[in-house]
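Visitor: with the sequence up front, the predicted model follows.
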Amino acid sequence: MSLTSLTDLPAPAKLNLFLHVVGKRADGYHLLESLFVLIDWADTLHLELRTDGQLHRHDLGPALPADDLCLRAARALQAASGTTLGVDISIDKQVPWGAGMGGGSSDAATVLLGLNRLWGLNWPRSRLLAIGEKLGADVPFFVGGRNAYVQGIGEILTPVSWPRQWLAVVKPPVAIATKEIFSSPLMTTRKSDAIVMDSVADTALELQKLLNKQCSEGGNDLQAAAEALSAEVQQARHWLVQAFGNGRMTGSGSAVFADAGTGDQPVAALPEGNLPAGWASKMCRTLDHHPLVGWAS
Ligand SMILES: C[C@@](CO)(OP(=O)(O)O)[C@H](O)COP(=O)(O)OP(=O)(O)OC[C@H]1O[C@@H](n2ccc(N)nc2=O)[C@H](O)[C@@H]1O
Ligand SMILES: Nc1ncnc2c1ncn2[C@@H]1O[C@H](COP(=O)(O)OP(=O)(O)O)[C@@H](O)[C@H]1O
């Protein structure tokens with residue numbers, strides 16, 4: 001019997017354990033190098049098949065923009081596949097947005113992976129990646145489903161296995177436009193050297209070592225520009241530095257996070273009572289991989 005619904009599909013967020021700007025493309029987009037890791041802060045989506053071809057979204061939590069990334073992903077897959085089927089998408093939004101946590105991009109990836117199954121398309125992952133790339137720079141990472149060293153503007157993915165880690169995340173109630181950060185005068189002086197791999201026999205091990213080094217140095221080349229635009233981002237990071245001894249921004253912000261250890265318990269608790277009203281926070285753990293990683297070949 002064919003499927004009529006898929007419930008409780010997770011769309012986990014990501015953090016950038018480091019983010020370097022290493023160049024600029026001819027079209028003005030900045031070339032990045034970053035380690036993207038999946039975390040256990042996730043939205044939940046439910047997909048209900050429609051036979052009339054219509055695409056609708058129902059917000060179970062906070063209201064999303066009318067034409068959000070879920071609907072854009074569904075529309076793109078419907079057009080590319082030529083299916084006459086539609087879907088009702090219900091979304092329980094838990095991940096803060098305007099955060100640099102890729103929540104919207106993850107929702108889009110979960111819609112692509114879910115509809116691939118619900119609509120009986122059974123496309124290989126490579127075809128879903130090509131659609132994801134057009135929806136947003138972070139979407140291919142979530143469709144790929146593996147923690148990854150990411151290059152280009154997000155389309156070059158090298159999967160890496162990353163040890164389980166606690167990460168304390170704080171999101172102040174501000175959203176800074178990614179464009180505003182990249183056009184900041186501070187960005188002209190904030191640039192890192194690209195990672196150079198020695199030509200050694202075990203390139204995976206070599207990459208792991210280099211990524212470890214970048215993470216322990218903890219750089220995000222967008223952080224200074226974001227902090228110049230928002231005192232709250234700086235305040236959030238200082239708050240984490242006091243509590244955990246370290247703190248840095250993810251993506252283009254405004255969320256910041258601290259390494260809270262690799263043991264059975266985090267090295268310290270998030271003293272959430274000290275945060276101003278309206279700030280979100282969560283003690284997160286990295287995921288080994290996306291829960292839907294097996295959903296496309
Ligand atoms: C920098 C990252 C890292 O993950 O930030 P987060 O989205 O996670 O915060 C992403 O690649 C963000 O990608 P995405 O969110 O798709 O960026 P867009 O909205 O397309 O970018 C808005 C504008 O920022 C500039 N931009 C964006 C990405 C990039 N690599 N170089 C740029 O110069 C461009 O001017 C672009 O028009
Ligand atoms: N499903 C969605 N969830 C969150 N934001 C969305 C969604 N669809 C579109 N957006 C828009 O995309 C912007 C970026 O959100 P998001 O993808 O979560 O990225 P990030 O927080 O990493 O910048 C939001 O400010 C919002 O306006």
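Guide: Great, that's in hand. Ligands and ions are numbered 1, 2, ... in the order given.
Visitor: for the rest of this, base every contact and every neighbour count on C-alpha atoms.
Guide: Noted.
Visitor: please state the offset of stretch 112-128 from the chain centre?
Guide: With CA atoms, centre = their mean, to the nearest Å as the basis, stretch 112-128 stands 20 Å off its chain's centre.
Visitor: packing partners for the worst-scoring helix or strand of the chain on mean pLDDT?
Guide: Ranking every helix and strand in the chain by mean pLDDT, DSSP states H and E puts helix 203-217 at the bottom, with a mean of 80. Applying 3 or more CA pairs under 8 Å, 6 or more residues apart in numbering; DSSP states H and E, one finds that helix 203-217 contacts strand 5-24.
Visitor: so the least confident helix or strand of the chain versus strand 5-24, what angle?
Guide: Relative orientation of helix 203-217 versus strand 5-24 (axes from the mean of the first three to the mean of the last three CA atoms, to 10 degrees): 80 degrees.
Visitor: chain center to helix 203-217, what's the gap?
Guide: Here helix 203-217 shows a centroid-to-chain-centroid distance of 20 Å under the convention CA atoms, centre = their mean.
Visitor: can you check stretch 149-167 too?
Guide: Centroid separation between stretch 149-167 and its chain, computed with CA atoms, centre = their mean, is 10 Å.
Visitor: measure it end to end?
Guide: 18 Å (CA to CA, to the nearest Å).
Visitor: got a list of contacts for it?
Guide: Contacts to stretch 149-167, defined as CA atoms under 8 Å, 6 or more residues apart in numbering, come from residues 29-37, 133, 137-138, 140-141, 146-148, 204, 208, 257-263, 265-266, 283-288.
Visitor: again with stretch 60-75
Guide: In contact with stretch 60-75 (CA under 8 Å, 6+ apart) are residues 55-57, 89-94, 104-105, 107-109, 111-112, 115, 131-132, 135.
Visitor: again with stretch 243-261
Guide: Stretch 243-261 has contacts (CA under 8 Å, 6+ apart) with 15-19, 98-101, 165-172, 174-176, 178, 181, 218-220, 222-223, 226, 233, 236-238, 240-241, 266-268, 270-271.
Visitor: near ligand 2 at all, it?
Guide: No. Figure legend: stretch 243-261 not in contact with ligand 2 (CA under 6 Å from any ligand atom); closest approach 6.5 Å.
Visitor: mean confidence for that stretch?
Guide: Averaging pLDDT along stretch 243-261 yields 96.
Visitor: export that stretch to PDB, keeping only CA atoms.
Guide: Extracted in PDB, the C-alpha atoms of stretch 243-261 (Å, rounded to 0.1, in the frame of the first residue of the first chain):
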ATOM      1  CA  ALA A 243      30.200  30.400  32.300                       C
ATOM      2  CA  PHE A 244      32.300  28.000  30.200                       C
ATOM      3  CA  GLY A 245      35.700  29.800  29.500                       C
ATOM      4  CA  ASN A 246      35.000  30.000  25.800                       C
ATOM      5  CA  GLY A 247      32.300  31.300  23.400                       C
ATOM      6  CA  ARG A 248      32.000  32.000  19.700                       C
ATOM      7  CA  MET A 249      29.300  32.800  17.100                       C
ATOM      8  CA  THR A 250      27.800  30.300  14.700                       C
ATOM      9  CA  GLY A 251      27.300  31.100  11.000                       C
ATOM     10  CA  SER A 252      26.300  34.800  10.600                       C
ATOM     11  CA  GLY A 253      24.700  34.800  14.100                       C
ATOM     12  CA  SER A 254      23.100  35.900  16.200                       C
ATOM     13  CA  ALA A 255      23.400  32.600  18.200                       C
ATOM     14  CA  VAL A 256      26.600  31.900  20.100                       C
ATOM     15  CA  PHE A 257      27.800  28.700  21.600                       C
ATOM     16  CA  ALA A 258      30.500  27.300  24.000                       C
ATOM     17  CA  ASP A 259      32.300  24.000  24.000                       C
ATOM     18  CA  ALA A 260      31.000  22.300  27.200                       C
ATOM     19  CA  GLY A 261      33.000  19.100  27.100                       C
END
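Visitor: so which of the contacts of stretch 60-75 sit within helices?
Guide: 104, 105, 107, 108, 109, 111, 112, 115, 131, 132, 135 (DSSP state H).
Visitor: and residue 263, how many neighbours?
Guide: 10 (other CA atoms under 10 Å).
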